[in-house]
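Colleague: All I have is the shape, not the residue letters:
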């Protein structure tokens with residue numbers, strides 16, 4: 001009988017142990033399943049306001065969909081697209097549609113715009129003059145050296161009455177060779193866009209894209225002029241084309257169209273309130 005009782009006790013212990021192991025296995029399985037439901041994505045940005053736009057305006061809506069959103073900052077306009085194409089990041093927000101199209105074509109990258117977002121325009125800044133009326137003959141003018149932003153700068157200078165551009169060309173692709181008139185003999189000096197804020201002590205004026213101006217703490221109320229953005233110069237969320245119509249592309253688009261996004265953009269104390277709104281946004285909410 002003692003042997004029988006001992007055997008029964010051992011058997012009962014084994015059953016309890018198996019039950020405990022089974023419960024532990026179920027818990028781990030549930031935990032693993034739960035972790036798989038969290039979709040980790042990284043969005044590439046450049047210095048300036050668009051990292052904040054991801055965190056404050058886009059991430060909240062994505063997090064409701066089960067995403068964990070992080071950003072990766074790049075110091076120039078080249079690496080974010082290469083990193084996206086190489087699958088080092090999942091999306092980016094730093095460039096306008098014209099730049100994305102040209103860069104993708106020139107570098108044979110298969111990238112696409114998901115949706116445009118409110119965007120800060122290019123400004124003309126100076127440390128030495130208070131008005132463009134005071135711009136001297138032969139003034140040294142810093143402009144971005146990447147083709148699409150260089151064209152923007154030329155258009156802005158044209159609109160301010162300083163230069164002429166060849167007729168019957170696509171001005172969004174204009175280069176210095178397309179300048180037909182230079183009324184003040186301006187010395188146009190292309191430099192890397194990220195370096196322009198630092199160039200202000202060595203030039204008379206600099207035409208600086210919004211993100212780098214804001215990143216450098218420049219006050220747009222003190223800009224000598226600010227461009228009115230054409231639609232193809234408004235920044236876009238970009239993904240690999242293979243993801244455009246998949247869950248990621250659809251979720252990013254819905255996040256930008258969400259109430260959370262609008263609330264962040266319209267925040268009266270926020271940094272985005274004065275940005276140029278894209279057409280879809282104006283059509284949906286009006287141009288406040």
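Modeller: It's in. Model, not experiment: these values are computed from the prediction.
Colleague: residues contacting the most centrally placed residue in the chain?
Modeller: By Cα atoms, centre = their mean, the mean C-alpha position of the chain lies nearest to residue 93, the distance being 2.0 Å. If you count contacts by Cβ atoms under 8 Å, 6 or more residues apart in numbering, residue 93 has them with 43, 44, 45, 50, 53, 54, 58, 117, 235, 236, 237, 238. Every C-beta, even on glycine, is put in place using the N, C-alpha and C of the backbone.
Colleague: From residue 266, how far out is residue 194?
Modeller: To residue 266, residue 194 is 29 Å away according to Cβ to Cβ, to the nearest Å.
Colleague: and if you look at residue 97?
Modeller: 23 Å.
Colleague: Name the residue in these two with the higher neighbour count.
Modeller: Neighbours per residue, other Cβ atoms under 10 Å: of residue 97 and residue 266, the larger number sits with residue 97, 19 against 13.
Colleague: Which strand or helix spans residue 248?
Modeller: Using DSSP states H and E, residue 248 sits in helix 247-256.
Colleague: right, and the helix or strand after that helix?
Modeller: Following helix 247-256 in sequence, per DSSP H and E, is helix 259-266.
Colleague: Next, the buried residues of the very next helix or strand once past that following helix.
Modeller: Stepping forward along the backbone from helix 259-266, the first helix or strand reached (DSSP H and E) is helix 279-285. Buried residues in helix 279-285, counting neighbours by 16 or more other Cβ atoms under 10 Å, are found at residue 281.
Colleague: Please name every helix or strand in contact with helix 279-285.
Modeller: Contacts of helix 279-285 with other secondary structure elements, assessed using 3 or more Cβ pairs under 8 Å, 6 or more residues apart in numbering; DSSP states H and E, are made with strand 111-116, helix 259-266.
Colleague: Contacts for that helix, please.
Modeller: Residues outside helix 279-285 that contact it (Cβ under 8 Å, 6+ apart): 115, 116, 118, 231, 257, 262, 265, 266, 277.
Colleague: change it to 6 Å
Modeller: Helix 279-285 is contacted from outside by residue 231, using Cβ atoms under 6 Å, 6 or more residues apart in numbering.
Colleague: gap between that helix and the chain center?
Modeller: Its chain's C-alpha centre lies 19 Å from the corresponding centre of helix 279-285 when counted by Cα atoms, centre = their mean, to the nearest Å.
Colleague: same check, this time on stretch 260-275
Modeller: The chain centroid and the centroid of stretch 260-275 are separated by 16 Å, computed with Cα atoms, centre = their mean.
Colleague: Same check on stretch 208-217?
Modeller: Once both centres are worked out by Cα atoms, centre = their mean, stretch 208-217 turns out to sit 13 Å from its chain's centre.
Colleague: Rounded mean pLDDT for that stretch, please.
Modeller: Within the predicted structure, the mean pLDDT of stretch 208-217 is 92.
Colleague: Pull up the distance across it, start to finish.
Modeller: Looking at stretch 208-217, the gap from its leading to its trailing residue is 12 Å under the measure Cα to Cα, to the nearest Å.
Colleague: The nearest residue to residue 130 once chain neighbours are set aside: how many residues sit nearby?
Modeller: Excluding its sequence neighbours, the residue lying closest to residue 130 (Cβ to Cβ, 6 or more residues apart in numbering) is residue 224, at 7.9 Å. Counted with other Cβ under 10 Å, residues neighbouring residue 224 total 18.
Colleague: what's the answer for the one 10 residues further on, then?
Modeller: One way to gauge burial is a neighbour count; for residue 234, by other Cβ under 10 Å, it gives 23.
Colleague: residue contacts, it?
Modeller: With contact taken as Cβ under 6 Å, 6+ apart, residue 234 is in contact with 96, 116, 119, 278.
Colleague: Can you flag which of the contacts of residue 93 belong to strands?
Modeller: Secondary structure from DSSP state E places 43, 44, 45, 235, 236, 237, 238 of the contacts of residue 93 in strands.
Colleague: unless I'm mixing things up, the second one is touching residue 73, no?
Modeller: So the one you mean is residue 44. No: the criterion here is Cβ atoms under 6 Å, and residue 44 misses it with residue 73 at 7.8 Å.
Colleague: Which one of those two is surrounded by more residues?
Modeller: In this view residue 44 and residue 73 are compared by other Cβ under 10 Å, and residue 44 has more residues nearby, 26 against 13.
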